[in-house]
Structure formats: structure tokens, C-alpha cells
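1. Coordinates only, no sequence provided:
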């Protein structure tokens, strides 16, 4: 995640005990996230055990787990804001310096704070409206009290946005005045709010370019459109709440937690050793290792960039030692960093199934999405490995290839046996009918925790596990902030009948299904390089589902096309996310990384076109495996 760049240190004498107070707040916030994730793991696993033994269950465990997602999301978002790691589309530090940089940071922070405090106010309105209904989520906890986490989270985020506006008190004061002025104009301007719609959206765009976080860009757009249209702004936190308590959503933070345990432990080293022992002796063997290991990790960590950051430093020396040119090695790692996006239990297919089914017109199950993505995912991995084999040095290049050694292969297999069982545990629970998707995710997270802390002891308990869980909560919080407000923005689009108008316009312009698929791929390529995968799913999928239905495209096929194109968008210059991450990880200029990734972009484009124009590749397994 990108945060605003740090300004030079300014000598400021803190008030007495301020450092200790901050430390206690930090520890309390981290502890809340760790405890919430721990309970989210424990309750579903207890459900599985009780169902198998006494045919009972934990009372109210499902709504409690759903509302714990809300707590993790808002407190994780507050931690991301605290650590200045909220995702932003703009990297202003590369454009401005000195006083100009300070100015744009203050402007972006002021706008972002105004949006965030408005979301807090709207969340309070929503919670108070629910309070009158007298509902309880279980264990004697009223629903409205849990919903107050929305208010607390956005208030904390507002304060931290203002704090990070500047290193100087004067800069923070200016950002505060700017935020207050914007709120005053919205509340007391003597003009029709509809007149202010376009100027407000332009101002928001400027703030986004200056570095305002993504969630304030999408949330601000939703608030402006609803406010200027005379609609209640409480619908934004309402949609945020409905998303976070969706019955399927807890599987996202739980599978992410499993991926974080694996990435922070020694799983990467053991898996690289395993596949290197089995495939390292063939031409391009390290490329095969890279494709398989990256796909494995991305399937558990999602499209969060963890794969490149966690494996880049481990795999690059392996590729260079095998004789790969540095440019080819960096290009391969940059392209392979998003492989696995279509494999279970990766997060984007789960989210796609949730969003695609939320409108009521289309029903897409998580299991069918994973079945549909299996063969296309294998094709993309095979194409990546194949390109790596072609880029590998020839036999007469003078680079020695290690001979296959059965003893080393067997030892590596034995050492990595517990990690190899992780997908077995996840898939057996997910597809075997033994557990719900949330229970399967909780079981997988518990298994990954046990492997890395109790069996291999790569992570110490509780110090390392608390750190890993906090980092996971930070990522989930940043993502859920974007998803929640993006759903509010989507709500406005649907309410304004934008999808229906889009269907009429596109079908009037394009009569051929195959031409539409080509235009769709080009459109999604642009979306993939401009938006992160999660906000793209929430904002774009509700617009595409009616179009897919109009052209007779199976919703699973449409979903796989969508995700495969976003995977390709990660490599698309100039702003593909993998390019930035690889530039950071390998300490190379962005232009150099982009040129290195161009061959992989072409290879994966071939795969995406195959997926798009051969529907049977996607629909065959879901129809066969029912």
C-alpha cells in the first residue's frame, strides 16, 4: 500500500508522557485486531468440532463472526491510517518537492479528512436509525452498538489524516481549516447542492491527484453524488455495513491470514527448495519453480503484492545463478507475481461471486468460480513457465545445471510436506461438504498457524503471530475501506440506472458478441492498470453483469475474463501495480522494470485471449463437477 511520503524530520519537543500514551493506544488497537481475528478463527472451527461430535453449534456464532469482520475492517483501516499506509493512486513525491510537496499534501489531507469525518457522521446516523429497531446480534450485544465501530473507525482515520498532513503544527492546522471549510460549504452554502456537484467532483479529483487515499476518492464521489441529488448520505455506511457482514465475506480475511502466516514463516524457502530439487535440473527449471511458487502464494495472499515482496528477494538470486539475464529474471518475477489469481482460495473470485450475486438477477457460487478458473489459471501458469524455459540459457551457454538428486528431492519433499498439505486442507474443506466456506477459511488459517508456529517454529508465539495478525488486519482494513465506500458509489450508479443505460448504448453500438468481448478486454485492461482489483470488482462488476446477460455470456465465464484481464492490468505500463512493487523490491527504475515485463505482458495476453474466446475452458469443469 502506498502512503504519503515522509517529510523531513522537524525537532519538536513532545508533551510529557506523549510517547507512552501513543504506545498504549497503538498496543490497544493492535490487540483489538489480533483478538478479533483470533475469535474469527476459533468460532468457525468450534462449529465444525461441535457439529461432528454433539451435533450442535456455538450460539450466534455466524452474526458474531460477521460483525468481527466490521471491527477488523475499521480498526485495521485506522491502523493503516496511523502508519500512513492507506492505498493512494498518486505518488506525489515523484512530482513535487519542497514547499510544493508540502502544499499538495496539506490539500489532499484536508479533502480526505472532510470526506472521512462525513462518513463518520453518516455512520452515526445509520447506527441511530438501527437503534430504534432494538435488534441484537447475540450474546446480549445490540446491533447498533457494533455499528458504532463505523463512527469510531472513521473518526480515528480523520485524525490521522490530519496528523500526517504535515510535520508542522501549522500545516496540520491549515488542513483542519480546509476540511472544516469544505464541510461548512456543504452544510450552509446558499445555493442548490446540484449546482455544486461538478465543482465538488473536480475538487475531489484534484485532491486524489494530490495523493488523497483511494477510499476517500470513491467515498467522496458517492457522498457528493448523493448529497447533490438530495438523497441520504447514510446509504454509504449502510452499504459498507451490508458488505462487511455478508455471510461469505469472513472467508476473505481468514484466507488472507493463512497466506500471511505462510509468507512470514519459512514456507517460501521450503517450497523453493522443493521445486528447485525436482525441476532445477531441466532447462528453465528455475522459471518453472518461479511460476509454481508464485501461483501458490498468490492463491492465499490475493492480489495484494505480498508475493513479489515476499518472494522476489528469494527467487531472483536463483534465476540469476541459473544463467538468466537480470532483465529476463525481473520480467518473469514481475509477471508471475499475480499468477494464482484464479486458483482457490484466492480472494478476488470470492469477492466477485459476492458482488455478482448481490443484484439478485445472477447467482454465482464461490465454488463454481473456482472450478471455472482452474483450467484458465493452469494455462496462464503454463504459458509463464514456457516463456521462462525459452528465456533460459541454452546448454552450450556454459551455465551448469544441477543434476537431479533423489536424496535432495526426497529431503526437500519431506521438509515441505506440511506446506503442501495447506491447499489439501483448504480444498477438502471447501469442496468436500465438510464445512462452509467461512469454516474452511478458518480451518486453513488455524492449520497455517500451527505449521509455522508449532511444527516449524519459524514464528514465535505470541510476539511474531501478533505482528503477523496486525499486518494482516492492516491490509484487510485498507481493502475493506475501499470496498465499503465503493459499494456506496455503486449504489448511486445503480439507483441512477447507469447499468441499464450502458446496456442500451453498448448493444446499440456493438451487435457482435465476439467484438464485444474484444472491446471488453481492452476496457478491462485499462481498468486493471488504473484501479486495484478489489475496488474494480465492486465498482465495475455491477455494470458488466447486465451487459454479459445481454450478450449471452455465462456469468462464470464473464468473471474469469474479468479477473484474467485485471491480472494482465497489473503489468500494463505506466501504472500497473506489479511494476511499482517490482521497482521497489528490486531497486530498479520503473521504466526499466516496465521494459523487462513487456515479454510477459505479451505472453499473458495470449492466455487472456484464449480464455476469452474459448468459453469451454471456463464452463466445462463447473458443468462436469456438480
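-> In hand now; what should we look at? Treat the numbers as computed from the prediction; the structure is a model and nothing was measured.
2. could you pull out the helices for the stretch 101-250 of the chain?
-> Counting by DSSP state H, counting those that start in this stretch, the stretch 101-250 of the chain has helices at residues 143-163, 169-188, 197-209, 214-228, 235-244.
3. Pull out the buried positions in the third one.
-> Of the residues in helix 197-209, those with enough neighbours to count as buried (16 or more other Cβ atoms under 10 Å) are 200, 203-204, 207-209. Heads up, the C-betas are built off the backbone N, CA and C, glycines and all.
4. list the helices and strands that helix packs on?
-> If contacts are counted by 3 or more Cβ pairs under 8 Å, 6 or more residues apart in numbering; DSSP states H and E, helix 197-209 sits against helix 98-131, helix 214-228.
5. Quick one: list the elements packing against the longest one.
-> Read that as helix 98-131. helix 143-163, helix 169-188, helix 197-209, helix 214-228, helix 235-244.
6. and the ones you listed as a markdown table, adding mean pLDDT and distance to residue 268?
-> Converted to a markdown table, the helices and strands packed on helix 98-131 look like this (pLDDT from 0 to 100; distance: least, Cβ to Cβ, whole Å):
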| stretch | mean pLDDT | distance to residue 268 |
| --- | --- | --- |
| helix 143-163 | 92 | 32 |
| helix 169-188 | 91 | 41 |
| helix 197-209 | 90 | 35 |
| helix 214-228 | 90 | 29 |
| helix 235-244 | 86 | 31 |
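7. Any idea how far stretch 373-382 is from the middle of the chain?
-> Remark: stretch 373-382 is offset 21 Å from the chain centroid, using Cα atoms, centre = their mean, to the nearest Å.
8. Residue 279 is in contact with residue 291, isn't it?
-> No: with contacts counted by Cβ atoms under 8 Å, residue 279 stays clear of residue 291, the gap being 10.0 Å.
9. Which of the two has more residues huddled nearby?
-> residue 291 (27 against 18; other Cβ atoms under 10 Å).
10. which ones are touching the more buried one?
-> 336, 339, 381, 384-385, 388 (Cβ atoms under 8 Å, 6 or more residues apart in numbering).
11. Figure out the helix or strand that it lives in.
-> Here residue 291, judged by DSSP states H and E, is contained in helix 285-301.
12. Can you name the element that comes right after that helix?
-> With DSSP H and E, the next secondary element past helix 285-301 is helix 306-321.
13. related to what we said a few turns ago, of the contacts of residue 291 - the most surrounded one?
-> residue 336 (32 neighbours).
14. dump the residue contacts of it.
-> 290-291, 294-295, 307, 384, 600.
15. now do 6 Å
-> 290-291, 294, 384 (Cβ atoms under 6 Å, 6 or more residues apart in numbering).
16. In terms of secondary structure, what does the longest helix seen in the chain contact?
-> The residue-count maximum for a helix in the chain (DSSP state H) belongs to helix 18-53. For helix 18-53, the packing partners by 3 or more Cβ pairs under 6 Å, 6 or more residues apart in numbering; DSSP states H and E come out as helix 61-82, helix 437-450, helix 463-495.
17. In TSV: the ones you listed, plus mean neighbour count.
-> Compiled in TSV, these are given as follows (neighbours: other Cβ atoms under 10 Å):
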stretch	mean neighbour count
helix 61-82	24
helix 437-450	25
helix 463-495	23
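18. Now name the helix or strand holding residue 364.
-> Residue 364 belongs to no helix or strand, assigned by DSSP H and E.
19. what's around it, how many residues?
-> 23.
20. on that earlier part again, how far does the longest helix of the chain sit from its chain's centre?
-> 21 Å.
21. Would you indicate which residues of that helix are buried?
-> Buried residues in helix 18-53 (16+ other Cβ under 10 Å): 29-30, 32-34, 36-38, 40-41, 43-45, 47-48.
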